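*Asks:* Structure of the sequence below:
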Amino acid sequence: MPSNSIDILTQNTHLDDSTATVITGEKYRGDGYYGRADGFHTIHTNLTGFAGKIEIQGTLATNPTEDDWFTVELGTGSLTVDTTGLIADANITFVEYDEAITITKTYNFTGNYVWVRAYVSNWTEGTVNYIKLNH
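*Replies:* Presented below is the predicted three-dimensional model:
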């Protein structure tokens, strides 16, 4: 069972017309495909001058249709503390940049997803250099 980092979205550059664009990446095998028990995945994003929204989607279906995909919750590595003192992970369902940014960022998520893919929407400028998956 491979445990390598793979590009789930390769380099894409937005056209200069600032029209909002959507890209749906191809499906790639998640932990559930291999029957792994921990379900731990890592996503590594590398963006240049990017403005838009990135989601990671997963499915439990072995032969998914478009209706089988859902957005997974990404761990930010940050913690929140509520008024009772309860500490929790500060998870997000998407990453969105309203203004162009150049950034490299890593997120973790857990789930026995059979397939995983990247979904970029509301993309108005910049380049997605890559989105990598490791599990």
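*Asks:* got a list of what the closest residue in space to residue 25 that isn't next to it in sequence touches?
*Replies:* Distances taken as C-beta to C-beta, 6 or more residues apart in numbering place residue 118 nearest to residue 25, at 3.9 Å, with adjacent residues excluded. Glycine gets a C-beta too; all of them are placed from N, C-alpha and C. When the contact criterion is C-beta atoms under 8 Å, 6 or more residues apart in numbering, the partners of residue 118 are 8, 9, 23, 24, 25, 54, 55, 56, 57, 131.
*Asks:* my guess is the first one contacts residue 26, does it?
*Replies:* Yes. Between residue 8 and residue 26 there is a contact under C-beta atoms under 8 Å: 7.4 Å.
*Asks:* Torsion angles phi and psi at residue 10?
*Replies:* Note on residue 10: backbone dihedrals following degrees, to the nearest 10 are phi -90, psi -180.
*Asks:* tally of neighbours for the closest residue to residue 33 other than its chain neighbours?
*Replies:* For residue 33, ignoring the flanking residues on the chain, the nearest one in space by C-beta to C-beta, 6+ apart is residue 114 at 5.0 Å. Residue neighbour count, defined by other C-beta atoms under 10 Å, stands at 21 for residue 114.
*Asks:* How about the contacts made by residue 114?
*Replies:* Going by C-beta under 8 Å, 6+ apart, residue 114 touches 29, 30, 32, 33, 58, 59, 60, 61, 62, 64.
*Asks:* how does it look with 10 Å?
*Replies:* Taking C-beta atoms under 10 Å, 6 or more residues apart in numbering as the contact definition, residue 114 lies against 27, 29-35, 58-64, 68.
*Asks:* Could you pull out the strands in this structure for me?
*Replies:* 6-9, 12-13, 21-24, 28-29, 40-59, 70-71, 74-81, 87-92, 95-110, 115-134 (DSSP state E).
*Asks:* Just the C-alphas of stretch 127-134, formatted as PDB.
*Replies:* Backbone C-alpha positions of stretch 127-134 (Å, rounded to 0.1, in the frame of the first residue of the first chain) are rendered in PDB as follows:
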ATOM      1  CA  THR A 127      -1.800  30.200  -9.800                       C
ATOM      2  CA  VAL A 128      -2.400  27.000  -8.000                       C
ATOM      3  CA  ASN A 129       1.100  25.600  -8.200                       C
ATOM      4  CA  TYR A 130      -0.100  22.300  -6.700                       C
ATOM      5  CA  ILE A 131      -2.200  20.600  -4.100                       C
ATOM      6  CA  LYS A 132      -0.600  17.400  -2.700                       C
ATOM      7  CA  LEU A 133      -2.100  14.600  -0.800                       C
ATOM      8  CA  ASN A 134      -0.300  12.300   1.600                       C
END
